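Undergrad: Provided below are the primary sequence and the corresponding predicted coordinates.
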Amino acid sequence: MPLVAIVIAALAIGFEQLVQWKYGPMGIIAFVALSIGIKARNTAISGIGAVILVMLLAQSG
């Protein structure tokens, strides 16, 4: 079980670094808001984070 948790944490950190590298500080803010919203089961915060990420993805494409 600890190995699975370490692998999941490493993947999450890697994804976070990719978002920060590609989308800058606004990408990190969106990713953190989405993560906090999901963990707290708060749909408003997770929705805001998701919308910001979608806007950043649509802008770069």
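TA: Noted; the coordinates are in hand. Residues are numbered from 1 along each chain as shown.

Undergrad: I'd like to know which elements the helix or strand bottoming out on mean pLDDT in the chain is packed against.
TA: Counting by mean pLDDT, DSSP states H and E, the weakest-scoring helix or strand in the chain turns out to be helix 2-40, with a mean of 86. With contacts defined as 3 or more Cβ pairs under 8 Å, 6 or more residues apart in numbering; DSSP states H and E, the packing partners of helix 2-40 are helix 43-60. (C-beta placed from N, C-alpha, C; glycine too.)

Undergrad: Against which helices or strands is the helix it packs on packed?
TA: helix 2-40.

Undergrad: just how off-centre is stretch 34-50 within its chain?
TA: 10 Å (Cα atoms, centre = their mean, to the nearest Å).

Undergrad: hang on, I meant stretch 38-55
TA: 9 Å.

Undergrad: Same check on stretch 23-32?
TA: For stretch 23-32, the distance to the chain centre is 7 Å (Cα atoms, centre = their mean).

Undergrad: what does stretch 19-35 give?
TA: 6 Å.

Undergrad: what inclination does the least confident helix or strand of the chain have with respect to helix 43-60?
TA: 100 degrees (axes from the mean of the first three to the mean of the last three Cα atoms, to 10 degrees).

Undergrad: how about helix 2-40: buried residues?
TA: Buried residues in helix 2-40, defined by neighbour count with 16 or more other Cβ atoms under 10 Å: 19, 23, 27, 29-31, 33-34, 37.

Undergrad: Pipe those residues into CSV and attach distance to residue 59 per row.
TA: Below are these laid out as CSV (distance: Cβ to Cβ, whole Å):
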residue, distance to residue 59
19, 14
23, 9
27, 11
29, 15
30, 12
31, 16
33, 17
34, 17
37, 21
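
Undergrad: Among those, which one lies nearest to residue 54?
TA: Among the buried residues of helix 2-40, residue 30 lies closest to residue 54 (Cβ to Cβ), at 8.9 Å.
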